[in-house]
Each structure stands twice: as structure tokens, then as C-alpha cells.
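> need a 3D model of the sequence below.
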Amino acid sequence: MTLFLANSFEKRSPALLALFTSISAIFTLWLRGQFWRYATLLGFQGVLALLVVLAFPIMEMILEQIVEEKMKKVGEKIRAHDARLRELQRKRNTGS
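Got it, this is the predicted structure:
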């Protein structure tokens with residue numbers, strides 16, 4: 001289990017490896033070869049995986065809407081600024 005956890009991360013430090021080893025040791029002591037405890041652990045991981053599968057697309061859609069609204073506001077400000085600059089340029093050209 002420690003090696004599986006360690007291979008899941010790119011940067012492995014000795015502290016991270018020690019953490020994985022301690023977590024694996026705790027799980028090993030808790031499971032002690034009993035199938036129902038192992039099934040409970042796998043069920044918990046399955047529930048977490050299901051939440052991740054459902055939550056990330058929803059969060060992505062929300063973030064996409066927020067970014068789209070921000071880009072609209074920025075675009076409006078840029079167009080307003082461009083209109084002001086064109087008006088100033090037109091006044092300078094006709095006023096000179």
C-alpha cells in the first residue's frame with residue numbers, strides 16, 4: 001500500500017514516504033485480514049470517488065460561468081476605454 005501511495009505523487013520526500021508508511025501501518029493494524037473491514041474501506045473509497053466524479057464537472061461548469069461573466073465585464077470596459085480614446089483622438093484631430 002505504501003508503494004502504491006508513493007507512486008501516486010511525482011515529488012516524493014522522505015517525510016511523505018514516512019507519512020504513507022504510517023498510514024499504511026494503521027490501515028494494516030485496523031484491517032487484520034478481516035474481509036468486512038476491507039470491504040468497508042473499499043466502499044468508503046468508492047463513495048469518495050463517486051463524489052469526485054460528480055463534483056468536479058459541476059465545479060468546472062460553475063467556474064466557466066464565472067470566468068465568462070468576468071470576461072464580458074472586462075470586454076465592456078475595454079470597449080468603453082477604446083471609445084473614449086477614439087473620441088479624444090477625434091477631438092484632437094478636429095481641434096488642431
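> tell me what the longest helix that the chain contains is packed against?
Looking across the chain with DSSP state H, the single longest helix is helix 35-95. Secondary-structure packing of helix 35-95 (3 or more CB pairs under 8 Å, 6 or more residues apart in numbering; DSSP states H and E): helix 14-31. Glycine gets a C-beta too; all of them are placed from N, C-alpha and C.
> now the angle from the helix it packs on to helix 35-95?
140 degrees (axes from the mean of the first three to the mean of the last three CA atoms, to 10 degrees).
> pull out the buried positions in stretch 10-25.
Within stretch 10-25, the residues that count as buried by 16 or more other CB atoms under 10 Å are 20, 24.
> tell me the mean pLDDT over it?
Stretch 10-25 carries an average pLDDT of 83.
> cool, stretch 62-69 as well?
According to the model, stretch 62-69 has a mean pLDDT of 94.
> just the C-alpha atoms of it, please, in CSV.
As requested, the backbone C-alpha atoms of stretch 62-69 are provided in CSV (Å, rounded to 0.1, in the frame of the first residue of the first chain):
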residue,chain,number,x,y,z
ILE,A,62,-19.6,27.0,-12.3
LEU,A,63,-16.1,28.3,-12.8
GLU,A,64,-16.6,28.5,-16.5
GLN,A,65,-19.7,30.7,-16.0
ILE,A,66,-17.8,32.9,-13.5
VAL,A,67,-14.9,33.4,-16.0
GLU,A,68,-17.3,34.1,-18.8
GLU,A,69,-19.1,36.8,-16.8
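> and residue 33, what are its phi and psi?
With angles defined as degrees, to the nearest 10, residue 33 sits at phi 80, psi 10.
> per-residue confidence for it?
78.
> what about it, distance to residue 19?
Distance of residue 33 to residue 19, computed by CB to CB, to the nearest Å: 24 Å.
> what do you get for residue 45?
The value you get for residue 45 to residue 19, if CB to CB is used, is 18 Å.
> and what of residue 7?
On the measure of CB to CB, residue 7 and residue 19 end up 15 Å apart.
> chain center to the longest helix of the chain: distance?
Here helix 35-95 shows a centroid-to-chain-centroid distance of 12 Å under the convention CA atoms, centre = their mean, to the nearest Å.
> centre-most residue in this structure?
residue 56 (7.8 Å; CA atoms, centre = their mean).
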